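Peer 1: coordinates only, sequence not included:
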């Protein structure tokens, strides 16, 4: 069964850091693009960052540029989102997703809660 499992969320003070992990099982991430998304209750899910297969290309939402870093370690079948200088407006459930390019095949994780509050 193809699965993505996010971990690393939690409660952090403004200005703090968290590293989210996205672990894949049942398939290999090598040929997949990986994205991180977030959603606040009552609002639409928004894209945060993505990384292409091979890791040579990354993209970030304007709201997180310079603060968040996406990475992947294909030999470990894992992707990461390093989040620094966190703000209260970063509070959301964070999801990772794997997409096989040029197809409509997506695998989604169950999400991990990130709360930024003093």
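Peer 2: Nice, thanks for sending it over. All values derive from a computational prediction rather than experimental measurement.
Peer 1: In the chain, what residue spans correspond to strands?
Peer 2: 3-7, 10-12, 18-25, 33-39, 46-51, 58-60, 68-73, 78-83, 92-99, 106-108, 112-116 (DSSP state E).
Peer 1: can you redo those strands as a markdown table with mean pLDDT and mean neighbour count?
Peer 2: In this view, the C-beta of every residue, glycine as well, is placed from N, C-alpha and C. Output for those, formatted as a markdown table (pLDDT from 0 to 100; neighbours: other C-beta atoms under 10 Å):
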| stretch | mean pLDDT | mean neighbour count |
| --- | --- | --- |
| strand 3-7 | 97 | 17 |
| strand 10-12 | 98 | 14 |
| strand 18-25 | 97 | 19 |
| strand 33-39 | 97 | 22 |
| strand 46-51 | 97 | 19 |
| strand 58-60 | 98 | 15 |
| strand 68-73 | 97 | 18 |
| strand 78-83 | 98 | 22 |
| strand 92-99 | 97 | 22 |
| strand 106-108 | 95 | 15 |
| strand 112-116 | 98 | 18 |
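Peer 1: measure the residue nearest to the spatial centre of the chain to residue 118 for me?
Peer 2: The centroid of the chain falls nearest to residue 36 when counting by C-alpha atoms, centre = their mean (2.9 Å). Counting by C-beta to C-beta, to the nearest Å, the separation of residue 36 from residue 118 is 24 Å.
Peer 1: same deal with residue 86?
Peer 2: Separation of residue 86 from residue 118 (C-beta to C-beta): 11 Å.
Peer 1: more crowded one of the two?
Peer 2: Neighbour totals were compared for residue 86 and residue 118, and residue 86 leads with 22 against 8 (other C-beta atoms under 10 Å).
Peer 1: What residues does that one make contact with?
Peer 2: 12, 14-18, 67, 114, 116 (C-beta atoms under 8 Å, 6 or more residues apart in numbering).
Peer 1: Per-residue pLDDT of it, please?
Peer 2: Per-residue pLDDT puts residue 86 at 98.
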